[in-house]
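In: Okay, structure incoming, though there's no sequence with it:
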């Protein structure tokens, strides 16, 4: 199974809060990289896997993953994924968690994310679009944190179970 290497987004943001909606083909991978800004990841369809050091985060549609600025990570998937990366300038990240964190999303956040996709808001131009993105960031600051990552283990019983979950996050 060969991987499809995808380009990670650079550090130049066209606006302080910038959404990027991307289709990842099956077996897509963003190789190890980091951003000078914060990054919030959400999947509209499919499940993305993100590795940070020894932690393996799964990002299904009911959760989102917050990455503070300058966190080195790898993102990949086994099945097709449509996801949103919301890049946030570091000065707008003060109230967000200081560590990579899975966030449980409320209906308002999910609705705003769907509005971004349905209205194809790629570059926020109007004051209305900019306010919508600011509300999204404000809401992210209030969301409960979930300790939902796959640990690793060499235990003979746990290891195959954890490997199955890592290989089949959509299961």
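Out: Cool, the structure landed. Since this is a predicted model, take the numbers as computed values, not measurements.

In: Please pick out the residue of the protein most distant from its centre.
Out: residue 156 (31.3 Å; Cα atoms, centre = their mean).

In: Quick check: pLDDT value at that residue.
Out: According to the prediction, residue 156 has pLDDT 88.

In: ok, residue 38 - contacts?
Out: Applying Cβ atoms under 8 Å, 6 or more residues apart in numbering to residue 38 gives the contacts 66-69, 87-90, 92-93, 96. Yep, even glycine has a C-beta here, placed from its N, CA and C like the rest.

In: out of these, who has the most neighbours?
Out: Counting neighbours by other Cβ atoms under 10 Å, residue 67 comes out on top of the contacts of residue 38 with 28 neighbours.

In: So it versus residue 86, what's the distance?
Out: Remark: distance between residue 67 and residue 86 (Cβ to Cβ, to the nearest Å) = 10 Å.

In: Residues in a beta bridge with the spatially most central residue of the chain, which ones?
Out: In the chain, the residue lying closest to the centroid (Cα atoms, centre = their mean) is residue 41, at 1.7 Å. Assessed by DSSP bridges, residue 41 has beta-bridge partners residue 65, residue 85.

In: thinking it is in contact with residue 64, fair?
Out: Yes: counting by Cβ atoms under 8 Å, residue 41 touches residue 64, with 6.2 Å between them.

In: Residues that sit against both of residue 67 and residue 86, list them.
Out: Contacts common to residue 67 and residue 86, judged by Cβ under 8 Å, 6+ apart, are 39-41.

In: remind me which residues of this protein are low pLDDT?
Out: Of all residues in the chain, those with pLDDT under 70 make up the ranges 1, 147-152, 166, 168-171.

In: can you pull out the helices in it?
Out: Secondary structure of the chain (DSSP state H): helices located at 107-118, 127-142, 158-167.
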